[in-house]
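Colleague: structure here, sequence nowhere to be found:
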């Protein structure tokens, strides 16, 4: 059996998993942790849903409808099991503006259309593309929305009515301060004080009472105070559900309605996807590493949010999005499945039907104060520090100002324009300095080296004297073709005049560069050239199956090996002798354990651009990692893992699979009646990969957004993920992972495309999303060659 070439396979339909077990009855079970978490989330969601509905000017029942639908529909069909969806404060400004322009019934219809648009986007699998937006734009948008909410609710807190825009609310504040409603202000002040002080209660008693959500305590306390004191303040007035307003046909200009649909789609999608990613990080940070909780499937989450918006709009509810506050509470309360989210939606339904008399006692100023505090908290000091540290504060400020002064879509568009301008400025800003150090001339290039910098680069290069020793230090991540040609041509001319040129990176490490064109013509074949293609100033070597002219006999493969060794000694050994001598003196200190297949097409040093001493490499048939205790006499892989982790103290372990793996083909086509050959006994370590591929508990692996081409490629990808799980079962690996001194990586090399892919999330504990992303060319010289 040949393992180096893939055999023909019968492609299975993509909708059916190979080796899948027969379907049986599934029982819905609720864990105790999910039940308690659902109650905690419900207690937070109930007052917030009413407050957000009040802030938008929508019927108060609409907030309860959106909360219930977000829990039941988005919780059931979404791709983030622990994310809690419902009416979000980030949508308050958008919804309020649409209600003012077109009325409530048309707003519900717009929500339905926005949900339909989200489902369409999920079908196009663009969820991860939404995460490509600069964080400064997202944080600026959220902060702008929060500032607008706070300004509007401040008028209600003071006993007045908010205006239609943030600017009008600011201009109207002096008149509102002159006409304060004392009772409403007292209720609001009490709510704010409780909200801010409750999480800071000290002592053991404080830790116990803090388990009750601050929002619930603040609203309940304000309600009790207003009721017992007999304060004359407006209160919640939930009308009969029989008179609840449902959507109607959209009425208004087509472009205006389209803009409303686009705005709601944009804000709900970005907020939900970012919240889902944050939930994944919180789950991975649990002491158990989030065992049993799958990572968020973002496209499915987008479809679930779309379905929830369609149902919420059709039932007369507010737009729905993933909400960070409730999601954090859900994870912190110990939820383990989507049952907690769905139960919280059920409790909302029961409260809306049974607790109406209690809800009617809540003062509206208390809800306004609650939403005002939420709006203020959306202007995060942490986010401001982050964008300042990354020198993107201009993008943040412009986006925030645009959202507050003009509108959300316009503010985001301004932020994107400024972000592009900042990126172009950084790309064009290149510093070129010349200095002389220890008799050598140092040319320091800092920044991206593009055609815009070629005139200054050429001017600096021609200032260097002929025949001098020059060090060119490139401190950047990109060099385009024009700059590369300029540097190469100058290098060739400088060498021809008897000078020397050394190209280094920012740390002084020498960058390997091809010889200039005149010298390259006489260079020997490159290290990765196969034996039968070698043409190094001698006649091409015959293929092993071809006869030689002199003897008429076939050339021995042993002669090919000897010839290859001779070429190494002649051409390569002089270049690496000093480095190998250093390694011989100091011993090996590799940074990586690289575990890959024995396939002859996989040249590890070539695909990783590594050199002597970089990788501690283990190769076997199928890049398999036997589980501890199942080696059956073959401890070679376990010994290598122990030596690398305990003795060499490597920083990371990479499992690398590849396309067309013969071992995976043999594993896929194997049967229980196959003879127990050594190969079959070894391949039993890959059976868990087969089971993972057939399991319904795991999402199918994807490669750069597409499904695998066939079952063999699917198994090759799944095998990488499964062998990483096997690695975690080794005690030294688990200990180093817990200490934070070791990371795991998954890699897939497509032989036919010469393209490497990395497994997303492989360095997080039990948080693979089974998506392999394409590795793009990096570094100035590599990028220049690629162009």
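Modeller: Nice, thanks for sending it over. Note that this is a predicted model, so its numbers are computed, not measured. Numbering: from 1, shown residues only.

Colleague: so who does residue 674 touch?
Modeller: Applying C-beta atoms under 8 Å, 6 or more residues apart in numbering, we find residue 674 in contact with residue 680. C-betas here are computed from N, CA, C, even on glycine.

Colleague: so it, which state does it fall into?
Modeller: Going by DSSP: H, G, I helix; E, B strand; the rest coil, the secondary structure assigned to residue 674 is coil.

Colleague: start at 568, not 1
Modeller: New numbering, starting at 568: the last item is residue 1241.

Colleague: from the contact counts, what lies against the helix or strand harbouring residue 986?
Modeller: Element membership for residue 986, per DSSP states H and E: helix 975-995. Applying 3 or more C-beta pairs under 8 Å, 6 or more residues apart in numbering; DSSP states H and E, we find helix 975-995 packed against helix 702-724, helix 821-851, helix 960-972.

Colleague: now the next helix or strand after the longest one and helix 821-851, what's the angle there?
Modeller: What it means is helix 821-851. Going down the chain from helix 821-851, the next helix or strand is helix 865-881, by DSSP H and E. Here helix 865-881 runs at an angle of 130 degrees relative to helix 821-851 (axes from the mean of the first three to the mean of the last three C-alpha atoms, to 10 degrees).

Colleague: which strands or helices does helix 865-881 pack on?
Modeller: Using 3+ C-beta pairs under 8 Å, 6+ apart: helix 865-881 touches helix 627-636, helix 642-644, strand 652-653, helix 671-690, helix 694-697, helix 821-851, strand 888-889.

Colleague: show me how far it is from its chain's centre.
Modeller: Relative to the mean C-alpha coordinate of its chain, helix 865-881 is positioned 21 Å out (C-alpha atoms, centre = their mean, to the nearest Å).

Colleague: swap in stretch 635-645?
Modeller: When distances are taken as C-alpha atoms, centre = their mean, stretch 635-645 is centred 23 Å away from the chain's centroid.

Colleague: now do the helix holding residue 986: distance to the chain's middle.
Modeller: The chain centroid and the centroid of helix 975-995 are separated by 22 Å under C-alpha atoms, centre = their mean.

Colleague: just the helices and strands packed on helix 975-995: most buried one?
Modeller: Of all these, helix 702-724 has the most neighbours on average by mean count of other C-beta atoms under 10 Å, namely a mean of 24.

Colleague: ok, residues contacting the helix or strand just after that helix?
Modeller: Using DSSP H and E, the next helix or strand after helix 702-724 towards the C-terminus is helix 733-738. Counting by C-beta under 8 Å, 6+ apart, the neighbours of helix 733-738 from elsewhere in the structure are 714, 715, 718, 719, 721, 722, 729, 730, 971, 972.

Colleague: export those to TSV and tack on distance to residue 1173?
Modeller: Shown next, in TSV, are the contacts of helix 733-738 (distance: C-beta to C-beta, whole Å):
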residue	distance to residue 1173
714	54
715	55
718	60
719	61
721	64
722	67
729	65
730	66
971	54
972	55
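
Colleague: just those residues now: which is nearest residue 785?
Modeller: When the contacts of helix 733-738 are compared for distance to residue 785 (C-beta to C-beta), residue 721 wins out at 16.8 Å.

Colleague: give the contact list for that closest one.
Modeller: Applying C-beta under 8 Å, 6+ apart, the residues near residue 721 are 736, 740, 939.

Colleague: neighbour-wise, which one of those leads?
Modeller: residue 939 (27 neighbours; other C-beta atoms under 10 Å).

Colleague: how about it, secondary structure?
Modeller: Judged by three-state DSSP, the three-state class of residue 939 is helix.

Colleague: how far away is residue 1053 from residue 1001?
Modeller: As for residue 1053, its distance to residue 1001 is 16 Å (criterion: C-beta to C-beta, to the nearest Å).

Colleague: out of those two, which sits in the more crowded spot?
Modeller: Taking other C-beta under 10 Å, residue 1053 and residue 1001 do not tie; residue 1053 has more neighbours (19 against 13).

Colleague: for the more buried one, phi and psi?
Modeller: Main-chain torsions, residue 1053, degrees, to the nearest 10: phi -60, psi -50.

Colleague: list the contacts of it.
Modeller: Listed by C-beta under 8 Å, 6+ apart, the contact partners of residue 1053 are 1021, 1024, 1025, 1028.

Colleague: what's the helix or strand harbouring residue 1290 packed up against?
Modeller: Residue 1290 is part of helix 1278-1295, with elements assigned from DSSP H and E. Applying 3+ C-beta pairs under 8 Å, 6+ apart, one finds that helix 1278-1295 contacts strand 1219-1225, helix 1229-1236, helix 1254-1261, helix 1298-1306, strand 1310-1317, strand 1322-1326.

Colleague: what mean pLDDT does it have?
Modeller: For helix 1278-1295, the mean per-residue pLDDT is 90.

Colleague: check stretch 1304-1311 too.
Modeller: Here the average pLDDT along stretch 1304-1311 is 90.

Colleague: hmm, back to that, okay if I get the helices and strands packed on helix 1278-1295 as CSV plus mean neighbour count and distance to residue 1286?
Modeller: What follows is those, written out as CSV (neighbours: other C-beta atoms under 10 Å; distance: least, C-beta to C-beta, whole Å):
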stretch, mean neighbour count, distance to residue 1286
strand 1219-1225, 24, 6
helix 1229-1236, 22, 6
helix 1254-1261, 18, 4
helix 1298-1306, 15, 18
strand 1310-1317, 22, 10
strand 1322-1326, 20, 11
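
Colleague: can you list these in JSON lines and add distance to residue 614?
Modeller: Below are the helices and strands packed on helix 1278-1295 laid out as JSON lines (distance: least, C-beta to C-beta, whole Å):
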{"stretch": "strand 1219-1225", "distance to residue 614": "47"}
{"stretch": "helix 1229-1236", "distance to residue 614": "54"}
{"stretch": "helix 1254-1261", "distance to residue 614": "43"}
{"stretch": "helix 1298-1306", "distance to residue 614": "40"}
{"stretch": "strand 1310-1317", "distance to residue 614": "42"}
{"stretch": "strand 1322-1326", "distance to residue 614": "42"}
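
Colleague: which of these sits closest to residue 1008?
Modeller: Nearest to residue 1008 among the helices and strands packed on helix 1278-1295 is strand 1322-1326; the distance by C-beta to C-beta comes to 37.2 Å.

Colleague: report the angle between that closest one and strand 1219-1225.
Modeller: Interaxial angle of strand 1322-1326 relative to strand 1219-1225 (the same axes, to 10 degrees): 130 degrees.

Colleague: now for strand 1322-1326, which elements pack on it?
Modeller: Using 3+ C-beta pairs under 8 Å, 6+ apart, the elements in contact with strand 1322-1326 are helix 1278-1295, strand 1310-1317, strand 1338-1341.

Colleague: residue 1060: which of the ones you listed is closest?
Modeller: Proximity to residue 1060 (C-beta to C-beta) singles out strand 1338-1341 among the helices and strands packed on strand 1322-1326, at 37.4 Å.

Colleague: for the record, mean pLDDT for the closest one?
Modeller: 67.

Colleague: residue 1208: which of the helices and strands packed on helix 865-881 is closest?
Modeller: Residue 1208 lies closest to helix 821-851 among the helices and strands packed on helix 865-881, at 23.1 Å (C-beta to C-beta).

Colleague: tell me the gap between that closest one and the middle of its chain.
Modeller: When C-alpha coordinates are averaged (C-alpha atoms, centre = their mean), helix 821-851 and its chain have centres 15 Å apart.

Colleague: show me what it is packed against.
Modeller: Applying 3+ C-beta pairs under 8 Å, 6+ apart, we find helix 821-851 packed against helix 659-669, helix 671-690, helix 694-697, helix 702-724, helix 865-881, strand 888-889, helix 891-899, helix 975-995.

Colleague: okay, these, which one's buried deepest?
Modeller: Greatest average neighbour count among these goes to strand 888-889 (a mean of 30), per mean count of other C-beta under 10 Å.

Colleague: partners of it, with directions?
Modeller: Using DSSP bridges, strand 888-889 pairs in its sheet with strand 652-653 (antiparallel).
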